[in-house]
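> sequence and predicted structure below; questions after.
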Amino acid sequence: MNRIPGYSFPIILFIFVSSSVFAQTNARPPVTDDNLYWNHYHRIDKPQELNLKRFCIRDQKGSIDFFLKGSISHFPQFTNDSTNPDKIKDLRKCLFPIDLNGDGLPDMIFSGIRAGGSNLTQIYINHKDSFELVFEDYQYISSMTLKDGHLSELTVCDPGSSGSWLYTIRHYRVNSGNMPLVFISGKQTADFLYSEKPLAINLAGKQGSSESDSSILRASASEINEPYNPDLGFSGNQIAVYNQKFRMTVIGNKEAKGEEPWCYIEVIPDIKPARSLFHETDEYPTFVRGWVKFRDIKLNP
């Protein structure tokens, strides 16, 4: 899982689906006349950022004032320029007072730019006289569930920085029964952002496996094997190559009259690809997604 280097939180527990890791490459897919087919279809949508104001308490100003009295030193990216008072106004826009553990005290979520430039999500728990940082992850919250006033689920989306080509989604279960929030890392998925969007979902949720021990995951529902890109080490619309059989779940599919049917699948990470464009997924088992021919998979009864 992508976390901020230098921070370690013992209350964040990890449930590993597998110990497998993914091959990676840092090469960036170039935009050239050779691969303009990526512009010919609807791409995977970037997950929307959750509107946290929907969950905020009424007295937001007073709660933010109280939080900043003891915690402003956590945000040097807003305070290291004393000649620009507007920086504090910008910081206030990134703070969301929400009761997350049902104790009646407003906790605080920070969602904004961290020192260094990328976006960051942090969660602080209110202990009446102080705030404790209990969670942080790159980028932004895309969904959040509160049950009976307790945070129970959290989803963080990492669309990457400028030049990245992955959308990574990280799911957390949250145990707040005894007031302290315990974040349990669950499923992590990754989409190649240049992937064709699956418009049909009649096979969604079907589980199965690959038919052979030699499979290619593609960015679109078509077999394109040219040109070869020596920087990426892939041809055409290939995004991952497997030399072993894998288990998978269908996310969507594509069927057109007179054309071969395809499925957009999610590969279960107990098998790692021999080669892959899914970089930054080697720290945590990740369900990678892509297109395969329907005849190359076998669905469970």
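Nice, I can see it.
> where along the protein do the helices fall?
When secondary structure is read from DSSP state H, the chain shows helices at 60-71, 76-79, 86-93.
> next, the buried residues of the last one.
Residues of helix 86-93 classed as buried: K87, L91 (neighbour count, 16 or more other C-beta atoms under 10 Å). Where you see a C-beta, it was placed from the backbone N, CA and C, and this is true even at glycine.
> what does it rub up against?
For helix 86-93, contacts defined as C-beta atoms under 8 Å, 6 or more residues apart in numbering pick out I64, L68, I72, F75, F78, T79, D81, G112.
> for the residue nearest to the first one when sequence neighbours are not counted, give me its contacts.
Across the structure, with C-beta to C-beta, 6 or more residues apart in numbering as the measure, the residue nearest I64 apart from its sequence neighbours is L95 (5.0 Å). Contacts here follow C-beta under 8 Å, 6+ apart; on that basis L95 touches I64, F67, L68, M108, I109, F110.
> domain-wise, how is this structure divided?
18-43+197-299, 52-158 (automatic domain parsing).
> save those as TSV, and put in distance to W165 and mean pLDDT too.
Shown next, in TSV, are the domains of the chain (distance: least, C-beta to C-beta, whole Å; pLDDT from 0 to 100):
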stretch	distance to W165	mean pLDDT
domain 18-43+197-299	6	82
domain 52-158	12	91
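> distance to T189 for the ones you listed - can I get that in a markdown table?
A markdown table is the format used below for the domains of the chain (distance: least, C-beta to C-beta, whole Å):
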| stretch | distance to T189 |
| --- | --- |
| domain 18-43+197-299 | 5 |
| domain 52-158 | 10 |
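> go through those domains and name the closest to S176.
S176 lies closest to domain 52-158 among the domains of the chain, at 4.4 Å (C-beta to C-beta).
> picking up where we left off before, and the contacts of L95, which is closest to L154?
I109 (10.0 Å).
> now the closest one: closest residue in space that isn't a chain neighbour?
Counting by C-beta to C-beta, 6+ apart, the residue nearest I109 is F96, at 4.5 Å.
> L166: which of the domains of the chain is closest?
Of these, the one closest to L166 (C-beta to C-beta) turns out to be domain 18-43+197-299, at 6.5 Å.
> and the closest one, how far out from the chain middle?
How far domain 18-43+197-299 lies from its chain's middle: 17 Å, per C-alpha atoms, centre = their mean, to the nearest Å.
> nearest to Q238, out of the helices of the chain?
Comparing the helices of the chain under C-beta to C-beta, the one sitting nearest is helix 76-79, at 39.6 Å.
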